[in-house]
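>>> Any chance you can model this:
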Amino acid sequence: MRLRRSRLDRLEDDVLDERRPLAPTLRQVIALGGHAHSEPLRAWALRELQGYEGTDVPIPEYRRITAPLVMDGLAGMYKFREQPVSMFDLPDFARDSLGDEIRFGQGVGQIESLLARNPGEIVRLSPAMAADLAVFMNENSPRQVFRLYWAVHPSALEGVLDQVRTRLVQLVGELRASMSHGQQDPTPTQVAQALQNINIVTGDNSSVTVTAPVAVAHQRGSARAEIASGPEQPFPRAAVVWTISIALLAVAAITARGMWP
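Residues are numbered from 1 along each chain as shown. Next up is the predicted model:
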């Protein structure tokens, strides 16, 4: 008689198969946490699925990535692309807020989708209010900035996914080590101990989400930084500066929408 495969058996198979996407695997973890009455495990898996943006849950350290802040635009007759942005290229109110470090708060499914769009290519991600920043950068300058973005190497996002998968493997390993031979499902105590051993639910960085417009470049033309469709309404300069400054206080939280080349 064939023994019934447990939830942990199925989870282990999927976690160790790197061809399997992480999103459905994390849903299994939510179910496992429910059967084990583990709120921390369910909460962690749900946050990895839905993302950390718009919540008061700190973004884990392993979701911190680095990428150069670059710009596309036009200088005279020269069209430049992925030109590094220096501190002096930015308006003075943005210089202390924008850098090459990003806390990536998007859900695992969104990260997998970004990587699948153009495999092996740079992923372009916009900081908060990038279109408005481009307008300020163009003032009194012969150069025109069309778009401002982080050029994220796919390996950085793959690294985030790998960190999540590694924690899932650690979880399975810790549970296996604590369960007796023939035990089908872990007890709440065993799950709690496993989480404690691998530090799965901690994070040191708080984040505030700002949903920012993305400057999109189509394949047959230069990008234009647009805030929204329809007629644009003028805003006082001081109000725009204040709004951007507040948004940049949370600039580590970035929009999940990729920018097409």
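>>> Could you use CA atoms for every contact and neighbour count after this?
Noted.
>>> Give the residue spans of the stretch 1-150 of the chain that score low on pLDDT.
1-3 (pLDDT under 70).
>>> now do 50
The model of the stretch 1-150 of the chain has pLDDT under 50 over residues 1-2.
>>> if you go through it in chain order, where are the strands?
Assigned by DSSP state E, counting those that start in this stretch, the strands in the stretch 1-150 of the chain fall at 64-66, 69-75, 78-84, 101-103, 123-125, 143-152.
>>> Tell me which of the ones you listed sits nearest to residue 169.
Closest to residue 169 of the strands of the stretch 1-150 of the chain is strand 64-66 (C-alpha to C-alpha; 20.6 Å).
>>> partner strands of the closest one, parallel or antiparallel?
Take DSSP bridges as the rule and strand 64-66 pairs in its sheet with strand 101-103 (antiparallel).
>>> Which residue, neighbours along the chain excluded, lies closest to the most centrally placed residue in the chain?
Nearest to the geometric centre of the chain sits residue 104, at 3.0 Å (C-alpha atoms, centre = their mean). Nearest residue to residue 104 in three dimensions, chain neighbours excluded: residue 63, at 5.4 Å (C-alpha to C-alpha, 6 or more residues apart in numbering).
>>> What is the neighbour count of the one you found?
21 (other C-alpha atoms under 10 Å).
>>> how much space is there between the residue nearest to the centre of the chain and residue 20?
22 Å (C-alpha to C-alpha, to the nearest Å).
>>> Could you do residue 90 as well?
Computed as C-alpha to C-alpha, the residue 90 to residue 20 distance reads 42 Å.
>>> Neighbour count: these two, which is higher?
Set side by side, residue 90 and residue 20 show more neighbours around residue 90, with 17 against 12, by other C-alpha under 10 Å.
>>> How about the more buried one: what's its closest non-neighbour residue?
In space, residue 90 is closest to residue 137, 6.2 Å off (C-alpha to C-alpha, 6+ apart).
>>> shouldn't the one you found be in contact with residue 145?
Yes. Assessed by C-alpha atoms under 8 Å, residue 137 is found in contact with residue 145 at 7.0 Å.
>>> More neighbours: these two, which one.
Set residue 137 next to residue 145 and count neighbours by other C-alpha under 10 Å: residue 145 wins out with 24 against 19.
>>> wait, the more buried one sits on residue 133?
No. Using C-alpha under 8 Å, residue 145 is not in contact with residue 133, being 9.4 Å away.
>>> hmm, back to that, please list all residues in contact with the residue nearest to residue 90.
89-91, 144-145 (C-alpha atoms under 8 Å, 6 or more residues apart in numbering).
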